[in-house]
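S.K.: here are the coordinates; sequence isn't available:
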């Protein structure tokens with residue numbers, strides 16, 4: 001088995017891809033452990049320990065919820081932005097043409113719009129998460 005792993009690492013392209021994935025996982029773990037300010041972490045951890053459902057949600061996020069970390073929202077805002085833009089493409093023909101008919105350049109522009117829309121959605125979802133946690137605990 002170690003021989004096969006060694007063979008994989010000999011191929012430069014595979015080695016770079018594996019190291020990139022490991023680096024992303026490392027950064028994600030760091031972000032999951034960096035808490036945001038203004039939150040009493042002891043109360044928050046007790047709140048998540050009080051319910052099995054919340055404990056499961058916290059476990060799925062890698063502890064990001066009980067730490068109230070930077071990684072709390074994950075990919076949610078970006079996925080929401082893509083869904084919103086796809087729904088808007090059904091309403092506005094220009095947006096649909098951009099996505100379907102203008103080829104790769106149009107899809108890149110569509111993805112750029114999704115990234116731009118992600119920022120306000122992340123802010124709104126973050127404020128909503130704070131409001132929910134304040135209301136609950």
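M.R.: Looks like it arrived, so ask away. All values reported here derive from a predicted model rather than from experimental measurement. Numbers count the residues shown, from 1 in each chain.
S.K.: Just list what the helix ranked longest in the chain packs against, helices and strands only.
M.R.: As assigned by DSSP state H, the longest helix anywhere in the chain is helix 103-136. Applying 3 or more C-beta pairs under 8 Å, 6 or more residues apart in numbering; DSSP states H and E, we find helix 103-136 packed against helix 41-49, helix 76-91, helix 93-100. Any C-beta I mention is one placed from the backbone N, CA and C, and that applies to glycine too.
S.K.: I'd like the distance from that helix to the chain centre, please.
M.R.: 10 Å (C-alpha atoms, centre = their mean, to the nearest Å).
S.K.: okay, the angle between it and helix 93-100?
M.R.: 110 degrees (axes from the mean of the first three to the mean of the last three C-alpha atoms, to 10 degrees).
S.K.: Identify all contacting residues around the lowest-mean-pLDDT helix or strand in the chain.
M.R.: When the helices and strands of the chain are compared on mean pLDDT, DSSP states H and E, helix 64-67 comes out lowest with a mean of 76. Residues outside helix 64-67 that contact it (C-beta atoms under 8 Å, 6 or more residues apart in numbering): 31-35, 41, 44-45, 48, 54, 57-58, 71-72, 74.
S.K.: if you average pLDDT over stretch 71-89, what comes out?
M.R.: For stretch 71-89, mean pLDDT is 88.
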